[in-house]
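In: with the input below, show me the fold.
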Amino acid sequence: MLRRLKIERILMKIKDTYEYQFPTYALCALFNGDFEGLEKEDIANFKSFQERTKHIDVFDDKEPDQEPYFCSNPEFGLACNVIDLVGIEFES
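Out: Sure, this is the predicted structure:
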């Protein structure tokens, strides 16, 4: 006997979005949890960023295929190359 399962489509509503100039050297830490090659101070700064943004559900590129650019005031750390990220917070 064949049973059909009812599949409900789940749509998540966006509560808020935030924009960040995120250092390119820390992208592996953000998306893969890979801290290899980062200095202790960079890791501490990244973890502080994580604590400040723990309400964010998803990070994504602001623009697909964007090129890194130099920023004198990135989200954390010293002046460096960054990309623009969007942090998305969904409604509970």
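In: looking at the protein, which helix or strand is least sure?
Out: strand 58-61 (a mean of 93; mean pLDDT, DSSP states H and E).
In: give me the contact list for that strand.
Out: The contact list for strand 58-61 (Cβ atoms under 8 Å, 6 or more residues apart in numbering) reads 20, 22, 30-31, 83-88, 90. All C-beta atoms are positioned from the backbone trio N, CA, C, and that covers glycine.
In: do you have the helices of this protein handy? List them.
Out: Taking DSSP state H as the criterion, the chain carries its helices at 27-32, 40-52.
In: will you turn the ones you listed into TSV that also has mean pLDDT?
Out: Rendered in TSV, the data for these read as follows (pLDDT from 0 to 100):
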stretch	mean pLDDT
helix 27-32	96
helix 40-52	97
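In: which one of those helices lies closest to Asn73?
Out: Shortest separation from Asn73 across the helices of the chain is recorded for helix 40-52, at 13.4 Å, computed as Cβ to Cβ.
In: buried ones in the closest one?
Out: Residues of helix 40-52 classed as buried under the neighbour-count rule (16 or more other Cβ atoms under 10 Å) are 42, 45-46, 49.
In: cool, and stretch 16-35?
Out: Within stretch 16-35, the residues scored as buried using 16+ other Cβ under 10 Å are 20-23, 25-27, 29-30.
In: re the thing from before, which members of the contacts of strand 58-61 are the farthest-apart pair?
Out: With distances taken as Cβ to Cβ, the most widely separated pair in the contacts of strand 58-61 is Ile83 and Phe90, at 22.4 Å.
In: roughly how far does the spatially most central residue of the chain sit from Ser72?
Out: Compute the mean C-alpha point of the chain, and by Cα atoms, centre = their mean the closest residue is Phe59, 3.2 Å away. Taking Cβ to Cβ, to the nearest Å as the criterion, Phe59 is separated from Ser72 by 22 Å.
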